[in-house]
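> whatever this is, show me its structure:
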Amino acid sequence: AMCERARRIIEDGFDLLSDSGYLLVADAEHMSFLFGGLVAMVSRGLPRRQADATQVLERILVVAMAQGVAGHRREAEIAALANLIEATPEEPHDFSRLAAGMGLSASHFRRLFRQEVGHAPHQFLLQCRLRRAAQLLHDWQQRIDEVGRAVGFVDPASFSRAFRQHYGMSPRAYRKSICLADRAESALAHL
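Below you'll find the model as predicted:
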């Protein structure tokens, strides 16, 4: 059985005690094997095992450092994905498929995305959709339900509810506030 500390490292990664956060473990089976051997050597407390334990610890660190280099590529991939989501919030982004494509579990993907972007993937997508909706509401030619569909909401009620939660007012009230702001700006320009 795996010790609790090894399980936590495999699931959460190494705490680097730095701004970059955690270094995730890519090969859980290999790391578990190495860590288990290290724990067995240390728990026996035999002096001759110290050299063996040191070698195992060095292997763990080499594996972790190699994965750290791969982690920088992951950060770039996550940043590129966030840019894509901002550019195309209306598209259906399948985060499970994206995680698998990056060779990550869904939970590791969410953790990395939150660490890099500051929000969970679905939350970030929702915010991008609502920002785009706010921009589209400036176009008085487009009906509000069309705006919701244009940014990826199938149901007008869910669009209105999400918009109200994010902006503190309904899409209709937001559009009216735009009209009032435009009129005030126009009046000030004529003075």
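> okay, the host helix or strand of residue 111 in CSV with CA atoms only?
Element membership for residue 111 (DSSP states H and E) is helix 106-117. This file holds the C-alpha atoms of helix 106-117, laid out as CSV (Å, rounded to 0.1, in the frame of the first residue of the first chain):
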residue,chain,number,x,y,z
ALA,A,106,-9.3,16.2,-16.0
SER,A,107,-8.4,17.2,-12.4
HIS,A,108,-4.7,17.9,-13.3
PHE,A,109,-5.9,19.9,-16.3
ARG,A,110,-8.3,22.0,-14.1
ARG,A,111,-5.6,22.6,-11.5
LEU,A,112,-3.1,23.7,-14.2
PHE,A,113,-5.6,25.9,-15.9
ARG,A,114,-6.7,27.5,-12.7
GLN,A,115,-3.1,28.1,-11.7
GLU,A,116,-2.2,29.7,-15.1
VAL,A,117,-5.4,31.6,-15.8
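> so what secondary structure elements neighbour that helix?
helix 49-87, helix 95-101, helix 121-136 (3 or more C-beta pairs under 8 Å, 6 or more residues apart in numbering; DSSP states H and E). In this view, the C-beta of every residue, glycine as well, is placed from N, C-alpha and C.
> switch to 6 Å and redo it
On a contact count with 3 or more C-beta pairs under 6 Å, 6 or more residues apart in numbering; DSSP states H and E, helix 106-117 meets helix 49-87, helix 95-101.
> now the longest one: mean pLDDT?
What it means is helix 49-87. Averaging pLDDT along helix 49-87 gives 70.
> could you do stretch 151-162 as well?
94.
> go on, stretch 127-136?
94.
> buried sites along that stretch?
127, 128, 129, 130, 132, 133, 134, 136 (16 or more other C-beta atoms under 10 Å).
> and stretch 158-169, by the same measure?
Quick answer for stretch 158-169 (16+ other C-beta under 10 Å): 159, 160, 162, 163, 167.
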